[in-house]
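J.: No sequence on hand, only this structure:
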């Protein structure tokens, strides 16, 4: 897979999240970006834990956007040796975010309690969030599975 295509695959989810926020869709970050209040402090009510999970996804998307733009910068500097580490880190981050979103939306997530860790109820999800999760998983597999990230269209052929 060409490295420029991988960089574009990496950059799509953070930009779609920003577009969805403007359209009042929740996506990965839930109500964290669409509401004016940030309720991260409180007791066992679900809002505190959900706020921290949404903050985790927001931080992951920011890091993913930074990695995508760093990969584009590496391409502009013509440093092909750096493509592979950026693809591995980005692919791992994308798989982590996609799987974590699906797990928190179907099973819930573990919460600390006086009786030990408990599994909370699933968080609400929307269409943009599920689309982003599937995009993250598919693009993460593509980034991790690409054997060679090439800048040009034809990779160099091995010597005799």
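T.: Sure thing, it's come through. All figures in this text were calculated on a predicted structure; none of them were measured in a lab. Numbering: from 1, shown residues only.
J.: And the helices in the chain, which stretches?
T.: 3-22, 47-76, 83-106, 127-145 (DSSP state H).
J.: Might you calculate how far the lowest-mean-pLDDT helix or strand in the chain sits from the centre of the chain?
T.: The helix or strand of the chain with the poorest confidence is strand 110-111; it has a mean of 74 (mean pLDDT, DSSP states H and E). Here the centre of strand 110-111 is set off from its chain's centre by 21 Å, with CA atoms, centre = their mean, to the nearest Å.
J.: Now do that strand: which elements does it pack against?
T.: Applying 3 or more CB pairs under 8 Å, 6 or more residues apart in numbering; DSSP states H and E, one finds that strand 110-111 contacts strand 118-119. C-betas here are computed from N, CA, C, even on glycine.
J.: hmm, back to that, out of the helices of the chain, which is closest to residue 119?
T.: helix 83-106 (10.5 Å; CB to CB).
J.: Pull the residues that contact that closest one.
T.: Contact with helix 83-106 is made by 3, 6, 10, 13, 28, 53, 56-57, 60-61, 63-64, 67-68, 70-71, 74-75, 109, 122-125, 129-130, 132-137, 139-144, 146, 149, 151, as judged by CB atoms under 8 Å, 6 or more residues apart in numbering.
J.: and the nearest residue to residue 82 once chain neighbours are set aside, how many residues sit next to it?
T.: Leaving aside its sequence neighbours, residue 82 sits nearest to residue 74 (CB to CB, 6 or more residues apart in numbering; 4.7 Å). If you count neighbours by other CB atoms under 10 Å, residue 74 ends up with 20.
J.: Name the residues that touch stretch 15-34?
T.: With CB under 8 Å, 6+ apart as the criterion, stretch 15-34 contacts 13, 38, 50-51, 53-55, 57-58, 60-61, 65, 97, 101, 123-124, 126-129, 131-133, 135.
J.: In it, which residues are buried?
T.: 16-17, 20-21, 25-33 (16 or more other CB atoms under 10 Å).
J.: Make a markdown table from those residues and add distance to residue 87 to it.
T.: What follows is these, written out as a markdown table (distance: CB to CB, whole Å):
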| residue | distance to residue 87 |
| --- | --- |
| 16 | 20 |
| 17 | 21 |
| 20 | 26 |
| 21 | 27 |
| 25 | 29 |
| 26 | 29 |
| 27 | 24 |
| 28 | 21 |
| 29 | 25 |
| 30 | 29 |
| 31 | 33 |
| 32 | 29 |
| 33 | 28 |
